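Visitor: task: produce atomic coordinates for the following.
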Amino acid sequence: MKKLIKALAALILLLIVISVGSFLFINTDQYKSVLETAVANNTGYQLNIAGELELDIFPTLRLTLHDVRLRNPAVPQELASTSVITLRVDRGSLFRGRILIQELLADDFHINYYVDQSGSNIWDSDNLLDDQTQEKLRGIDITDLTNETIDTEDVSLSFDRISIADASIDYQNLSSDLRYRIDNLSLESQNTNVEGRPFNLDIAFRFLNNGLTQPVDIGVRSTIVADISNENVFISDINFALTPMLLTGEMAITRLDDALTYEGGFTSNDFDINMLMQTLGLSEPETIFSGGVQKTQDLSLRFQFNGNQEQLSFENFSGSLGATEIEAEANVRLVSGFIPDNISYDVIINNIDLSPFLVFNENNEEFAISSEESTAPSAAFTTPNRPEQDVELSLNILNSLNVLGSVYIESVTADELHLQDVNIFTNLEDGVLDIEIQPVSAYGGSIQGAARLDSRNPAADIGIQLALKNINIAELSPPIPRFNSFNGSLDAEGNYTSSGATTGELVDTLSGSTAFTITENSVDIGVIKQVFTAIAALSPTGEAIQQWPDVIQFSELSGYILLENGITENQQFKVRMDNFDVTGTGGINLDEATFDYDMLFTVLGEPYIQTIPINDLYHNVSWPVDCSAAFDDEVTRYCRPDFTQVREIFSQIATNATRNVLEEVITDQVPDLLQDAARSLLRNILN
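Guide: Just a heads-up that it's a prediction; the model follows:
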């Protein structure tokens, strides 16, 4: 980038130089040739003036170039182009040993900055200006503009006005997977100089981040004192505006030519974080009034920074988000071009309340459920829909830098969610990201986990481990209403893997298992009673299912869930509650927000504890149950017996009972010589 700035400055200076000597030439084609030759000899770049060249000497010295393009002969892409650029020079200042540009105007000015996989950019050139040539260009001898180098005494340079309209910049770095674009850039400056006199600079542009966020409009205003002879620049009264955020501050840059250093500090206004997220396209504003109340939360930031070409440090970073206080420090090691290489950070947050970022109804209708739902158990609850399109994972950046840091949060609140003492450690090295969450106090117990993301291959490999200890399920009920059918202390361990280059592939390859137990439990068995009441209605003897208690405490309540290649199918699960066993297979369709499982309900006989009492006729029989519905259906509609198979089971039970009775009759009353014939006849009849 430093080479880019030097080269552009040199090009502007060359335009000025040749404008000063313009009275020597009448033929504009010859003038174009002189200008193109001077640029090539002094920068190594190829300048092409494809349009007209307008040269006015009176009443002011003015040079206008149309359709100007700049290229590096070694690469096919254009470096820069503009539809028109105009210089108006004060002739009188030339006799006083200085160049005063009354106006520098440019329209439709575009710059390309492209870096390939190896780190080489299109502005690299063996013929770029060295420091010695830059010194020579501070003064110009116009006696022979076609010389390969230009040599004269120093001449001071200043601008009454600089105006650039409708400019754009394309930045693409394949080595770090970065792409930015700046459009609609306008720049205005008055009394611009590099001799230490203050001048104002106003810039406005639209920033695009490779589609990761929507385009955002940004404005920057500042006062600059540039003393190039002493190699320092001081920028004050900086106003960086990104609705609704306004950053104000100052910055000092020293030792421009050899070992550049910089330092400064910024302070923001109190701004609505929700509105900033809407500006960045990270959330959508409410277009139709829903009756809900949108909570707001103001954020303010303060920080200082310092650095050089090798590192950037953030010190005394502090922020407030409502009642939340944030403190942080960070250090960034830089490679060439101010690109991060190693990052270390530490963040401390006292108490953070995320509730203001949630839309809620004053009557809490979002979480309200019917009385029928509240008495029926289900582990399912409303799940967000899967995105309509897969999102490609941008993982190259993980292979271009190393990160080591930690985050400590004293407590986190999000409506009914409460977490305490959150410690998160991250380590990114050689494309492998490890995240560790130490035990966090939550729901009367603790949660801890770890994750690994390996981005060294085109398809990322992800591994996740999660452990829950002594979680009080009753505290889960408000945020997850379907859990209010269970109470007790939950222990669970999960281990999952996934692989893919898009979010859809990650979901489709998710595999692993979760094992759980619930102690000191109580379970609302409404769905179980509902299913067995329907089954008993087909029994010839009937059964008093309704006499079962509504809530039962089990001595043993445990189970597991297995996933293989996604959640849409091939799920397996099992739940054991004393003498009641539930197994099933099926999956979840996130696009349609539905689930479909084929399940078997089995009441076990002795020696299992007979917590659910039932006639021996039903013991050790796996009753087929179809559980398929939409997430937002009433729980009473979730499961129903497969009546066709239930009738066949009862028929088989009746057949077996008849066979047993007749077998006893044959054994007791039929002569031994005739028993085999009698049994054969019985089999033919019953089969």
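
Visitor: please name the bridge partners of S186.
Guide: S186 has the following beta-bridge partners by DSSP bridges: A204.

Visitor: hmm, D166 and it touching each other?
Guide: Yes. Counting by C-beta atoms under 8 Å, D166 is a contact partner of S186 at 7.3 Å. In short, each C-beta sits where N, CA and C put it, glycine included.

Visitor: against M599, how distant is Q117?
Guide: Per C-beta to C-beta, to the nearest Å, Q117 is found 53 Å from M599.

Visitor: what about the two, which has more around it?
Guide: Comparing Q117 with M599 by other C-beta atoms under 10 Å, the one with more neighbours is M599, at 22 against 10.

Visitor: now do the same contact list for the more buried one.
Guide: Applying C-beta atoms under 8 Å, 6 or more residues apart in numbering, we find M599 in contact with V582, T583, G584, G586, P624, V625, D626, C627, C639.

Visitor: which element, helix or strand, includes the spatially closest residue to the first one that is not a sequence neighbour?
Guide: Pointing back at V582 there. Distance criterion C-beta to C-beta, 6 or more residues apart in numbering; nearest residue to V582, sequence neighbours excluded, is V575 at 4.4 Å. Assigned by DSSP states H and E, V575 belongs to strand 571-577.

Visitor: need the residues that contact that strand.
Guide: Contacts to strand 571-577, defined as C-beta under 8 Å, 6+ apart, come from residues 523, 552, 554, 556-564, 581-588, 597, 611-612.

Visitor: now the buried members of those residues.
Guide: 523, 552, 554, 557, 559, 561, 563, 581-584, 586-588, 597, 611-612 (16 or more other C-beta atoms under 10 Å).

Visitor: what about the longest strand in the chain?
Guide: With residue count as the measure and DSSP state E as the assignment, the chain has strand 156-173 as its longest strand.

Visitor: what average pLDDT does that strand get?
Guide: Mean pLDDT, computed over strand 156-173, is 88.

Visitor: show me the shaky parts of the stretch 201-350 of the chain.
Guide: Scanning the stretch 201-350 of the chain for pLDDT under 70 picks out 210-213, 285-296, 336-340.

Visitor: the helices in it, which residues?
Guide: Counting by DSSP state H, counting those that start in this stretch, one finds helices in the stretch 201-350 of the chain at the ranges 273-279.

Visitor: first to last residue in stretch 442-461, what's the distance?
Guide: 29 Å (C-alpha to C-alpha, to the nearest Å).

Visitor: list the buried ones in that stretch?
Guide: 442-443, 445-449, 451-455, 459-461.

Visitor: identify, from those residues, the entry nearest to T324.
Guide: Nearest to T324, judged by C-beta to C-beta, of those is A442 at 18.4 Å.

Visitor: my guess is I447 contacts I437. True?
Guide: Yes. Using C-beta under 8 Å, I447 makes contact with I437 at a distance of 7.5 Å.

Visitor: where do the helices sit along the protein?
Guide: 2-20, 28-43, 91-94, 131-136, 273-279, 371-374, 473-476, 503-508, 526-536, 643-669, 672-686 (DSSP state H).

Visitor: rounded mean pLDDT for the fourth one, please.
Guide: Looking at helix 131-136 alone, the average pLDDT works out to 43.
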